[in-house]
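[1] Please find the sequence and the predicted model below.
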Amino acid sequence: MRFAFQSTGNSHADAAIKRATDRWASEFTDDITVNLEFEFTFMAADVFAGTASNMISRDYGTFWTAIGNDASSADDATMFNSLPVGSSFSVYINRTSEAGGANHEIPYLDNDGGANNTTVSLTSANGKALGLVSGNDGTLDATIQFNNTYNWDYNPDDGISGSSLDFLGIATHEIGHALGFISGVDVLGSQESGGVGGGGTDPGYSSDNTYAQVSSLDFLRHSQDSVDAGADLDWTADPRDKFFSIDGGQSPAAGGLSHWSTSVNYGDGQQASHWKDGQNLGIMDPTAEQGFIYDLSGNDIRAFDVIGFNLSDGNISVPEPSSIMLGWLVLIPLMKRRRSA
C-alpha cells in the first residue's frame, strides 16, 4: 500500500505524516495508492483533528462479491461466510419514521429490500482495497485537518510532553478513517429533531430507505438484540451495547460485549465511527489526551483486514488491547479531548 500527499509546509509534520503512512503500509500489502491532503486550520476548541473522505456507493451484491474475491486470511473467510448471500441484507434500526416510540427510539428489523438494505457506502480508499475503484485512481481520497491552536509533538520517540499532542498517533488515527473506519450510524444519529430527507409520515424523521449509508465496517456491528431479531447488523442510534464481531454477531471478536461507540446525540456521546471510549481497544478510540502516545493495536488491524485490506503476513494474532460524497461526512471532529468527570 502506497500513500501520496503534498507537503504541509511544516517539515516536522511532513516527517511524522510519512511515519504514519508507513505504519499502515507496513501492515497491509494492497497494490493501491491512497491520495491524501493534510492541512492545519482553526477548529473548535475541543477538537484535535478531523477527516473528510471521498465516498462511493455500491450495490450489496457487488460488495459481497468483492469481499469474497479479496479474502486472504482466516478472518476474511469468517467474515465473508457470515455475510448474507443475495442482493440485500437486514438491519436492526431506529430513529426513522417507521420506528415506534415517542421519539422513534424503538428498534425494529428492517428487511424490506429498500435502498438501505441493498447499498453499501465506502470510502474510496476502502473501495480501492476491494477492487471497486482503480488502485491507481488519482482522485483525492480524503482531506485531513489538524487544529492549529494546539501544541503538537511530532516525534514521540522521546515521549510526549504533558502540554502537547502526539501528532504521529493522531495522524495515524485520521488516516484510519480515510481507509474506511467509518459508520453510517453517525448519519442516523446526527438528527436531533428532524430527518435528513423527509419521505416519512412523520415530518421530523425520514423513512429508513433514505439512510443508504451502511458502511463496510458496519457489518462488524452487532448487539444481542440484533442477533435475537435475526438482523445482519445493528444500525441503531441508542445507548445499548454494540459489539465487534467478524462472524455475523455469533461471537464477540475481542471479549466482552461493549466495543463500539454508539452515537453523539442518542448514545454514549461519541461518534459511532470509533471503538468504545475508555476500553483502550486501539488507535481508533474516539478521544485522545495531551501527553500520551498512541499506536495501532491488534483490534485495529483485525478490523481493517476483514473490511478489505490484505495483511502483510496473511494472518493475524490479536494481542491484548494497548494503552466525498464529501457531503456525507463533510468535516467531522473525530478526535476530541478526554474530559475529566
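    The structure has been received and is ready for your questions. Numbers count the residues shown, from 1 in each chain.
[2] In contact with the closest residue to Ser90 other than its chain neighbours, which residues?
    Residue nearest to Ser90 in three dimensions, not counting chain neighbours: Asn111, with 3.7 Å by Cβ to Cβ, 6 or more residues apart in numbering. The C-beta positions use only the backbone N, C-alpha and C, and glycine is treated the same way. Contacts for Asn111 (Cβ atoms under 8 Å, 6 or more residues apart in numbering) come out as 88, 90-91, 117, 231.
[3] For Asn111, give its distance to Asp208.
    11 Å (Cβ to Cβ, to the nearest Å).
[4] Can you check which residues contact both of those two?
    Val91.
[5] hang on, the earlier thing: scan the contacts of Asn111 and report the most crowded one.
    Val91 (27 neighbours; other Cβ atoms under 10 Å).
[6] So what sits opposite that residue in the bridge?
    Asp110 (DSSP bridges).
[7] Next: Gln270.
    Ser263.
[8] got it, and Val34?
    Phe3.
[9] Is it correct that it is in contact with Arg2?
    Yes. Judged on Cβ atoms under 8 Å, Val34 makes contact with Arg2 at a distance of 7.2 Å.
[10] The two - which one has more neighbours?
    Taking other Cβ under 10 Å, Val34 and Arg2 do not tie; Val34 has more neighbours (27 against 13).
[11] In the chain, which helix is the longest?
    helix 11-27 (DSSP state H).
[12] how far does that helix sit from the chain's center?
    In terms of Cα atoms, centre = their mean, to the nearest Å, the centre of helix 11-27 is found 20 Å from the chain centre.
[13] Pull out the buried residues from that helix.
    Under the neighbour-count criterion of 16 or more other Cβ atoms under 10 Å, helix 11-27 has 13-14, 16-17, 19-21, 23-24, 27 buried.
[14] Repeat that for stretch 118-131.
    Buried, per 16+ other Cβ under 10 Å, within stretch 118-131: 118-131.
[15] Send me that stretch as PDB with only the CA atoms.
    Extracted C-alpha coordinates of stretch 118-131, given in PDB (Å, rounded to 0.1, in the frame of the first residue of the first chain):
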ATOM      1  CA  THR A 118     -29.200  -3.000  -0.800                       C
ATOM      2  CA  THR A 119     -26.500  -0.300  -0.700                       C
ATOM      3  CA  VAL A 120     -23.000  -0.200   0.900                       C
ATOM      4  CA  SER A 121     -21.200   3.100   1.300                       C
ATOM      5  CA  LEU A 122     -17.400   3.000   1.500                       C
ATOM      6  CA  THR A 123     -14.500   5.500   1.500                       C
ATOM      7  CA  SER A 124     -12.800   5.500  -1.900                       C
ATOM      8  CA  ALA A 125      -9.700   4.100  -0.300                       C
ATOM      9  CA  ASN A 126     -11.600   1.100   1.100                       C
ATOM     10  CA  GLY A 127     -13.100   0.700  -2.400                       C
ATOM     11  CA  LYS A 128      -9.600   0.600  -3.900                       C
ATOM     12  CA  ALA A 129      -8.600  -2.100  -1.500                       C
ATOM     13  CA  LEU A 130     -11.600  -4.200  -2.600                       C
ATOM     14  CA  GLY A 131     -11.000  -3.600  -6.300                       C
END
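[16] okay, and for the stretch 151-300 of the chain, where does confidence drop off?
    Within the stretch 151-300 of the chain, the set of residues satisfying pLDDT under 70 comprises 191-204.
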